[in-house]
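1. one predicted model, sequence on top.
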Amino acid sequence: MLNISPDNSIREHIRPETMSAFDSVAPMRFARNSARWALLLLIVALCSLFLPWTQTVRAKGKVTTLYPEQRPQNVPAAIDGRIESWNVREGQMVQKGDTLLLIAEIKTDYADPRLLERTATQITAKSSAIEAYTNKASALERQVRALREALVLKVSEAENKIKQARLKVMTDSTNLEAAFLGETIAIRQLERQQSLFDQDLESLISVESRRLKQQQAEAKRIASENKLLESRAGWINARIERNNLENEYADKVAKSESDRFTAVSNRYDAEAERDKLSIQLGNYETRAGFHTITAPMDCYVTEVMTEGIGETVKEGQTLITIVPQRFDYAVAFYVNPVDLPLMQLDSRVRFLFDGWPAIQVSGWPGASFGTFEGRVIGIDNNISKNGQYRVLAAPTGEGENGIWPEALRPGSGTQALVMLKNVPLGYELWRRLNGFPPRFYEDIAEPGEDVKSKAPSRRVK
C-alpha cells in the first residue's frame, strides 16, 4: 500500500499524473521551486546592496551633567571640630542655605566664648592709642613751629645786641684815639714848661700843674683802653650768645622733631596692629560661620559619610554627599584614538540608556525604537587614563527623541552610536571586509570653492 516493497509495487495499479499530491512532490517540481526561491533571494540580496546605510561609531559612556556645579559633590568640613547635631537624613530634599549639621570647636585657640568681643575690645584700644599718638604728633609739630618762631625772634634780638656792641666798640675806639691825642698834647706841654722852668722862665707850680695834667691824660688813655677792651669783649660775647642761641634752639627743635617722628612711628605700629587684629576678628567671624554646615544649593542628601554625635572630624573631611535637584543632562562617552578624527561638533548621536527597553539598528536609525538623540558639544584634546578620548554630548531638544527621560540620573550607563555618512549597504559590507575606515572626509571641492570652509571645527561650544 505504501509502495515500499519492491516485490509488491503499486505503480501498475495507479496513475500518478492524475493525482496533485504526486505532482507537488515530484523531484522536478521541487528543483524548479528551489531554483525560483534562490533566484528571488539573490535578487533581493543584490537589491539590498544598494539600500542606504548610516555609518556609525559605537561607544560606551555614562550619564553626567552639562555643567560642573550640577554634578554630585561632597560637602566637606571647613575646620577641625566635633559634630554637635544633625538636621537632615539621607534622601531628604533641602533648599539652598538649609542647615545640614552643626560643628563645635576643639582647638584651644578658639575655645574662648567671648573671643570676638575681646578681639573687638583690643581693636578699640588700638584705635584710641592711634588717636593719642596722632594728637601727640600734632602737639609736637605745633611745638616745633613755636620753637622756630621763637628762634627767629631770639636771633633778631641777638643781632641787635651785636650791633649795639659793635657801635660801642667803635665809640670806645674813638675815645681811645682822643685820649691818646690828649696824652700826647699833655706830654708836649709838660716838656715845654719843664724847659721854661729850667731857664727860670716858669715857676715850679706851673710845671707841677702840667705834670698833673699829663698824668690825668695818661690815666684817661688807660681808662679808654680798658673800656675799648671791655666793648670788644662784649661784642664777642654777643656773637657767641647768638651762636649758642641758635644751637640751643636747634637742639630743642631736633628733640621735638624726634619725639614727633617717634609718635608717628608708634601710630603706624598701632595701625598695623589694629589692622592685624581686624583681620583676626574677620577670620574669627568667618570661622564662626564654619560651625554651621549649610546646603550650597537645592539638592538631595544622598549619603552621610560621617555618622554619630560627638565624633571628631578634620578639616577637608567629607561629611555628606549631595546631588543637585535640577541639572542639565549630558553623556560622556569614550572613543578609541582611531575614531577620534571622525568626531565633529554637532554630530548626531543615538543613545540607548540602561533601564530603557530599546531596539537599536545602527545602520538604520529610523528603524530604531526606544533610543534618544543628542549632539556632540565637546571633544577632549587630551587622552584619558583609560587610553581613550572623552566626547561630551547633550540632548538636541528637538522632537520626541531629542528630549531625554526625566528619570535619568548621573552615573547611569549608556551606549552611543555616533552617526556618520550615509553609504550603500554593499559599500559598508565591502569596507568592513577589507577593514577600511568609514567615509569621513568631505568631497573634493569644485574649482572656486573654499576647501578650508569644509574642514570640521574642533572648538568646543
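-> Right, received. Where do you want to start? Numbers count the residues shown, from 1 in each chain.
2. for Gln92, what are its contacts?
-> Gln92 sits next to 300-301 when contact means C-beta atoms under 8 Å, 6 or more residues apart in numbering. (Each C-beta comes from the backbone N, C-alpha and C, glycine too.)
3. pLDDT value on it, please?
-> Predicted confidence (pLDDT) for Gln92: 91.
4. any idea how far it is from Val44?
-> Remark: distance between Gln92 and Val44 (C-beta to C-beta, to the nearest Å) = 61 Å.
5. tell me where the model's unsure across the stretch 51-200 of the chain.
-> 51-55 (pLDDT under 70).
6. number of residues surrounding the spatially closest residue to Ser347 that is not a sequence neighbour?
-> For Ser347, ignoring the flanking residues on the chain, the nearest one in space by C-beta to C-beta, 6 or more residues apart in numbering is Val376 at 4.5 Å. If you count neighbours by other C-beta atoms under 10 Å, Val376 ends up with 22.
7. give the helix, strand or coil label for Val376.
-> Three-state assignment for Val376 (DSSP: H, G, I helix; E, B strand; the rest coil): strand.
8. longest strand in the chain, by number of residues?
-> The strand that spans the most residues within the chain, counting by DSSP state E, is strand 52-65.
9. check which strands are paired with that one and give the direction for each one.
-> Sheet pairing of strand 52-65 (DSSP bridges) gives strand 329-335 (antiparallel), strand 413-424 (antiparallel).
10. show the subsequent helix or strand relative to it.
-> Using DSSP states H and E, the helix or strand that directly follows strand 52-65 along the chain is strand 73-76.
11. output that following strand as PDB, nothing but the C-alphas.
-> Coordinates of each C-alpha in strand 73-76 appear next as PDB, following Å, rounded to 0.1, in the frame of the first residue of the first chain:
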ATOM      1  CA  GLN A  73      29.600  66.600  45.000                       C
ATOM      2  CA  ASN A  74      30.900  66.200  48.600                       C
ATOM      3  CA  VAL A  75      30.300  68.700  51.400                       C
ATOM      4  CA  PRO A  76      33.500  68.800  53.500                       C
END
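12. let me see the mean pLDDT of the lengthiest helix in the chain.
-> Longest helix of the chain, by residue count under DSSP state H: helix 204-289. Helix 204-289 comes out with an average pLDDT of 85.
13. note down every partner strand of the following helix or strand past it and its orientation.
-> Using DSSP H and E, the helix or strand that follows helix 204-289 in sequence is strand 292-294. Applying DSSP bridges, strand 292-294 is found paired with strand 99-105 (antiparallel).
14. okay, the strand it pairs with in CSV with CA atoms only?
-> Extracted in CSV, the C-alpha atoms of strand 99-105 (Å, rounded to 0.1, in the frame of the first residue of the first chain):
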residue,chain,number,x,y,z
THR,A,99,21.4,73.8,57.9
LEU,A,100,22.8,70.3,57.5
LEU,A,101,24.7,69.9,60.7
LEU,A,102,26.5,71.9,63.5
ILE,A,103,30.2,71.6,64.4
ALA,A,104,31.8,72.7,67.7
GLU,A,105,35.3,74.0,68.2
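15. ok and that strand relative to helix 204-289, angle-wise?
-> Interaxial angle of strand 99-105 relative to helix 204-289 (axes from the mean of the first three to the mean of the last three C-alpha atoms, to 10 degrees): 130 degrees.
16. roughly how far is strand 99-105 from the heart of the chain?
-> For strand 99-105, the separation from the chain centroid amounts to 28 Å (computed by C-alpha atoms, centre = their mean, to the nearest Å).
17. tell me the first helix or strand C-terminal of it.
-> Using DSSP H and E, the helix or strand that follows strand 99-105 in sequence is helix 115-198.
18. orientation of that following helix relative to helix 204-289 in degrees?
-> Angle of helix 115-198 versus helix 204-289, following the same axes, to 10 degrees, is 170 degrees.
19. which helices and strands sit right next to helix 115-198?
-> Of the remaining helices and strands, those touching helix 115-198 by 3 or more C-beta pairs under 8 Å, 6 or more residues apart in numbering; DSSP states H and E are helix 204-289.
20. quick one: the helix it packs on to chain centroid distance?
-> 59 Å.
21. from Gln189, how far off is the residue of the chain most remote from its centre?
-> Largest separation from the mean C-alpha position in the chain: Asp200, at 126.3 Å (C-alpha atoms, centre = their mean). Using C-beta to C-beta, Asp200 is found at 18 Å from Gln189.
22. then Asn381?
-> Where Gln189 is concerned, Asn381 sits at a distance of 130 Å (C-beta to C-beta).
23. more crowded one of those two?
-> Neighbours were counted for Asn381 and for Gln189 using other C-beta under 10 Å; Gln189 has more, 16 against 8.
24. tell me, what's the model's pLDDT at Lys452?
-> In this model, Lys452 is scored at 37, pLDDT.
25. the domain parsing of the chain - what is it?
-> For the chain, the structural domains run 1-48, 51-69+327-454, 72-98+295-324, 115-289, going by automatic domain parsing.
26. could these go into TSV alongside distance to Ile106?
-> Shown next, in TSV, are these (distance: least, C-beta to C-beta, whole Å):
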stretch	distance to Ile106
domain 1-48	76
domain 51-69+327-454	31
domain 72-98+295-324	5
domain 115-289	12
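27. nearest to Lys107, of those?
-> Between Lys107 and the domains of the chain, the tightest spacing by C-beta to C-beta is seen for domain 72-98+295-324, at 6.4 Å.
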